[in-house]
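K.L.:
build me a model:
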Amino acid sequence: MEKKGCKTLHPQSMCPAFGGLRVLTRIDGVQVCLVADQGCLYGLTFVSHFYAARKSIISPELMNVQISGGTMIDDLRRTIDGIAQDLSVRFIPVVSTCVAETAGIAEELLPRKVGNAEVLLVRLPAFQIRTHPEAKDVAVATLLKRFALFDAPKKTKSLVVLGEIFPVDAMTIGGILQKIGVESVIALPGTALEDYIEAGQAEVCAVLHPFYERTVSLLEEKGMQIVKGNPIGANATVQWIRRIGEALNLDPVIVQAVAADEGQKARDVLSQFKHLKGKVIVAGYEGNELPLVRLLLEAGLEVPFASTSIARMALGEEDHNVLSMLGTEIRYRKYLEEDMQAILDYEPDLVIGTTSLDSFAKERGIPAIYYTNNISARPLFFAAGAATVLGMISGLLGKKEVFRKMKEYFEE
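P.N.:
The predicted model follows:
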């Protein structure tokens, strides 16, 4: 696609450290210690309060005098000791960012435990981790390496579900897995340190999002079987339930009956939205955009262009192949300018994108919504997810004339 107009390339993701902080701050009994300069501390404290867990971040005061004077490690140790005085703190993740002086902290110089609190260095430098979804993967993998009981006996019919999902989806997944005979389910990223400890005893991991490559590599190395895909739409729902059943060697008759039932429920929902017609562009930085596109295509919508901030990864190849076969142009490691050009080239009826792209679309009288607050904040899976997402999109497509009139009004 030829770029036109502005040649500047804009960043497509929040600071990667935010993704790791989102995972870490949500753990019960945690107190994050951030090793960064004051600019990082200010920005990451804000987004962590707003988007993560409304918990404070503690940091040693890192100004030029500490960094150049060589007292940083001593200051950091004193900060960790101070945090550990609070007996309610069970876990102190020490997070280093891409500030040159803090990125290379030697883990050997930090204690592994102080008082009641486990101490763990989590490296989240932007020069190594490109996007905040991938930083979630780094945080989860780092936690599992330290805490997971990989050497303990496996629990039979046990499953790790890997991927940050809407709470209702987690409840639905748990209920359906119970129907097919799964006896133990652990959802990661989790809110309890015990989730990471017990995850090592699971037989199978169902990875819902394609960017958890480091975590999946670790689990495979430890002998855990991996199930790819997710239950979005009718076809993928049936396939996902069958895969779980096969991986855990569950009763095939029960598995097939549940898969058929859930698949039919999803098809019934899709049939209610046969009236949906229109062209949609999906452009996000959450890393889970392509499964959403599969749902839209299955519902009969046209999705000529989709983009994501993550790289093309092996875990997402199935979605990539399906979407490519159905005519969707896919951009990985995308830039805002590419998304803007796609709007000009394809003239969509709806844009599901980033805030900057939404503004660009609305200026042209095109309905647009923010991916994170409207898609990630809703259930996506099984029939209930399809009904929720398609219901919202149906309403938005019906407002195209309203957006056109608003554009005309402000142009007068």
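K.L.:
tally of neighbours for I129?
P.N.:
24 (other C-beta atoms under 10 Å). From N, CA and C alone the C-beta is placed, and that goes for glycine too.
K.L.:
show me what contacts the closest residue to it other than its chain neighbours?
P.N.:
Nearest non-adjacent residue to I129, counting by C-beta to C-beta, 6 or more residues apart in numbering: P16, 4.2 Å away. By C-beta atoms under 8 Å, 6 or more residues apart in numbering, P16 lies in contact with L124, P125, A126, I129, R130, T131, H132, E134, A135.
K.L.:
taking these one by one, which sit in helices?
P.N.:
Judged by DSSP state H, the contacts of P16 include H132, E134, A135 as members of helices.
K.L.:
quick one: least confident helix or strand in this protein?
P.N.:
Taking mean pLDDT, DSSP states H and E as the measure, the helix or strand of the chain with the lowest value is helix 64-69, at a mean of 56.
K.L.:
what's next to the helix or strand just after that helix, contact-wise?
P.N.:
Later in the chain than helix 64-69, the nearest helix or strand by DSSP states H and E is helix 72-84. Contacts of helix 72-84 with the rest of the structure, by C-beta under 8 Å, 6+ apart, involve 31, 33, 35, 58-62, 66, 89, 92, 94, 101-102, 105, 109-111, 114-117, 119.
K.L.:
out of those, list just those in strands.
P.N.:
With strands defined by DSSP state E, the entries of the contacts of helix 72-84 inside them are C33, V35, I92, V94, V114, A117, V119.
K.L.:
apart from its chain neighbours, what residue comes closest to the first one?
P.N.:
Which is C33. Spatial nearest neighbour of C33, excluding adjacent residues (C-beta to C-beta, 6+ apart): V94 at 4.9 Å.
K.L.:
what about the stretch 1-150 of the chain, any weak spots by pLDDT?
P.N.:
Residue ranges of the stretch 1-150 of the chain with pLDDT under 70: 1-13, 52, 61-70.
K.L.:
one more time with 80
P.N.:
Along the stretch 1-150 of the chain, the parts satisfying pLDDT under 80 run over 1-14, 37-38, 47-54, 61-71, 99-104.
K.L.:
which one (most neighbours) among the ones in helices among the contacts of P16?
P.N.:
Per-residue neighbour counts (other C-beta under 10 Å) across the ones in helices among the contacts of P16 peak at A135, which has 30 neighbours.
K.L.:
buried residues in the top helix by length along the chain?
P.N.:
Taking DSSP H as the criterion, the chain has its longest helix at helix 252-272. Buried residues in helix 252-272, counting neighbours by 16 or more other C-beta atoms under 10 Å, are found at V255, V258, A259, E262, G263, K265, A266, R267, V269, L270.
K.L.:
contact partners of that helix?
P.N.:
Residues outside helix 252-272 that contact it (C-beta under 8 Å, 6+ apart) are 176, 179-181, 231, 233-235, 237-238, 241-242, 244-246, 298-299, 382-383, 386-387, 390.
K.L.:
in contact with the residue nearest to R333 when sequence neighbours are not counted, which residues?
P.N.:
Of all residues not flanking R333 in the chain, A311 sits nearest, at 5.6 Å (C-beta to C-beta, 6+ apart). Listed by C-beta under 8 Å, 6+ apart, the contact partners of A311 are R130, Y332, R333.
K.L.:
in ChimeraX, select just the buried ones from these.
P.N.:
ChimeraX command restricting the contacts of A311 to the buried ones, with burial defined by 16+ other C-beta under 10 Å:
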select :130
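K.L.:
give me the number of neighbouring residues for E317.
P.N.:
Neighbour number of E317 under other C-beta under 10 Å is 12.
K.L.:
over to the one 3 residues further on?
P.N.:
Here the number of neighbours of H320 (other C-beta under 10 Å) works out to 18.
K.L.:
check what pLDDT it gets.
P.N.:
pLDDT, the model's per-residue confidence, is 97 for H320.
K.L.:
quick check: it touching R331?
P.N.:
No: here H320 does not reach R331: they are 11.4 Å apart, not a contact under C-beta atoms under 8 Å.
K.L.:
can I assume P125 is in contact with A103?
P.N.:
Yes: counting by C-beta under 8 Å, P125 does reach A103; the two are 4.6 Å apart.
K.L.:
hey, what's in contact with both of those two?
P.N.:
S96, T97.
K.L.:
show the backbone phi and psi for the closest residue to A377 other than its chain neighbours.
P.N.:
Among residues not flanking A377 along the chain, F166 sits closest, at 6.9 Å (C-beta to C-beta, 6+ apart). Note on F166: backbone dihedrals following degrees, to the nearest 10 are phi -70, psi 140.
K.L.:
residues contacting F166?
P.N.:
S376, A377, R378, P379, L380.
K.L.:
which residues of the stretch 101-250 of the chain fall in strands?
P.N.:
For the stretch 101-250 of the chain, the strands defined by DSSP state E, counting those that start in this stretch cover 113-114, 117-123, 158-162, 184-188, 204-207, 225-227.
K.L.:
any chance of these in TSV, plus distance to L144?
P.N.:
As requested, the strands of the stretch 101-250 of the chain are exported to TSV (distance: least, C-beta to C-beta, whole Å):
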stretch	distance to L144
strand 113-114	18
strand 117-123	11
strand 158-162	9
strand 184-188	8
strand 204-207	10
strand 225-227	14
